[in-house]
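how would this look folded up:
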Amino acid sequence: MFEIYLPIAEMSMNLLVILGMGGAVGFLSGMFGVGGGFLMTPLLIFAGIPTAVAVATEANQIVASSVSGALAQWRRGNVDFKMGAILLAGGMAGAVVGVQFVKLLRQTGQVDLIISLSYVTFLGIIGSLMLIESARAILRARAGKRVSARKPGQHNWIHGLPFKMRFKRSKLYISAIPPLVIGAFVGLLAAIMGVGGGFIMVPAMIYLLRVPTSVVIGTSLFQIIFVTSTVTILHAATNQTVDVLLAVVLMVGGVIGAQMGARAGQHLKGEQLRALLAIMVLGVSLRLLFGLVVEPDELFSIGPEIGGQR
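Take a look at the predicted model:
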């Protein structure tokens, strides 16, 4: 009952399960300003969806949940469109390179391993750093000390770079180079890992660019919309791995969940949001690492028959 057949993935899945996954990830998208692919792509892989199909299809689903979340943040004035445009320019370039890289990996038969290792590495590093910082911020807040990701007059090496621009919504006057590079890196990850890249972009904008947390969420979602749209089109044209039926069902759940997540996020402080995101990022990383190192229940070998036996 409620089983639907997914033509590109070549398997059947329960409709309610897919809707539930889309809603949960959409909720995270609206709350944290991430596309949610860092969670959804592994979930699809755990459910048996082929890795290449999971990556390409999740990029499609992220578009819908990000649009819903970005609209909710825009109504609250939390989108820096100028910053988002520069991030987007870099993201488009990174996405083109990433899709071609996935095509090469599929031809060599290494796509599953490389994608899993990428998840474990990036999620583990980013999640650990975010958890440490947010834990310190929460402890400072409990001790009555000021909690701020950006101190007045604080400068770092980024302020010495050329091509400076003024970003009024973010209250910054910095070089356009760092946002461009961050956008390119996120676009590359979007194509290779099937993620929106928010789990990289959000901490990078907060800790490197010193963008206020509230503005980071809306701006990140704005950029994710267009990068994942590009990734979806490129994957469909180059690798033919987008399962439209699966993506549509995930979108329905994602749009509903994103609106609920945007409202829920308003009730949490910035350091609390970062701590929750860090815990989820680390959880997914550990689950994927477990799958890589634990011996499977059934072992298969490929080789010639010898004496009528394998």
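
can you tell me the distance between the two ends of stretch 31-45?
24 Å (C-alpha to C-alpha, to the nearest Å).

repeat that for stretch 46-55.
13 Å.

again with stretch 8-24
23 Å.

remind me which residues of this structure are low pLDDT?
Applying pLDDT under 70 to the chain flags residues 1, 29, 32-37, 61, 64-65, 145-160, 194-199, 265-274, 294-310.

tell me which other helices or strands the lengthiest helix in it touches.
Secondary structure of the chain per DSSP state H: the longest helix is helix 111-142. Applying 3 or more C-beta pairs under 8 Å, 6 or more residues apart in numbering; DSSP states H and E, one finds that helix 111-142 contacts helix 37-46, helix 51-75, helix 81-108, helix 177-193, helix 198-207, helix 270-293. For the C-beta atoms, the positions are set from N, CA and C on the backbone; glycine is no exception.

report the buried residues of the second one.
Using 16 or more other C-beta atoms under 10 Å as the test for burial, helix 51-75 gives 51-73.

kindly report the same for the fourth one.
Neighbour-count burial for helix 177-193 flags 178-180, 182-193 (criterion: 16+ other C-beta under 10 Å).

list the helices and strands it packs on?
helix 37-46, helix 51-75, helix 81-108, helix 111-142, helix 198-207, helix 213-238.

of those, which is nearest Leu286?
Proximity to Leu286, assessed across the helices and strands packed on helix 177-193 by C-beta to C-beta, is greatest for helix 111-142 (7.9 Å).

tell me how far that closest one lies from the chain's centre.
13 Å (C-alpha atoms, centre = their mean, to the nearest Å).

pull out the buried residues from that helix.
111, 114-116, 119-120, 122-124, 126-127, 130-131, 133-134, 137-138.

Met13 sits in which helix or strand?
strand 11-14 (DSSP states H and E).

just checking, what packs against the helix or strand just after that strand?
Toward the C-terminal end, the helix or strand that comes next after strand 11-14 (DSSP H and E) is helix 15-32. Judged by 3+ C-beta pairs under 8 Å, 6+ apart, the packing partners of helix 15-32 are strand 3-6, helix 37-46, helix 51-75, helix 198-207, helix 244-265, helix 270-293.

swap the cut-off to 7 Å and go again
If you count contacts as 3 or more C-beta pairs under 7 Å, 6 or more residues apart in numbering; DSSP states H and E, helix 15-32 packs onto helix 37-46, helix 51-75, helix 244-265.

returning to what we had before: any chance of the helices and strands packed on helix 111-142 in JSON lines, plus distance to Tyr5?
JSON lines is the format used below for these (distance: least, C-beta to C-beta, whole Å):
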{"stretch": "helix 37-46", "distance to Tyr5": "16"}
{"stretch": "helix 51-75", "distance to Tyr5": "14"}
{"stretch": "helix 81-108", "distance to Tyr5": "23"}
{"stretch": "helix 177-193", "distance to Tyr5": "26"}
{"stretch": "helix 198-207", "distance to Tyr5": "31"}
{"stretch": "helix 270-293", "distance to Tyr5": "26"}
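
quick check: which of those is nearest to Ala264?
Closest among the helices and strands packed on helix 111-142, using C-beta to C-beta: helix 270-293, at 10.0 Å.

return the distance of that closest one from the chain's centre.
12 Å.

stretch 208-217 too?
Using C-alpha atoms, centre = their mean, the offset of stretch 208-217 from its chain centre is 17 Å.

how about stretch 55-72?
For stretch 55-72, the distance to the chain centre is 10 Å (C-alpha atoms, centre = their mean).

what is the burial count for Ser170?
21 (other C-beta atoms under 10 Å).

quick check: it is in a strand.
No: counting by DSSP: H, G, I helix; E, B strand; the rest coil, one finds Ser170 to be coil, located in no strand.

what does the helix or strand hosting Arg166 contact?
Applying DSSP H and E as the criterion places Arg166 in strand 164-167. The contact list for strand 164-167 (C-beta atoms under 7 Å, 6 or more residues apart in numbering) reads Asp80, Lys82, Met83, Tyr173, Ile174, Ser175, Ala176.

and whichever strand or helix holds the fifth one, how far out from the chain's middle?
Counting by DSSP H and E, the secondary-structure element that holds Ile174 is strand 172-175. In terms of C-alpha atoms, centre = their mean, the gap separating the centre of strand 172-175 from the centre of its chain is 25 Å.

partners of that strand, with directions?
strand 164-167 (antiparallel) (DSSP bridges).
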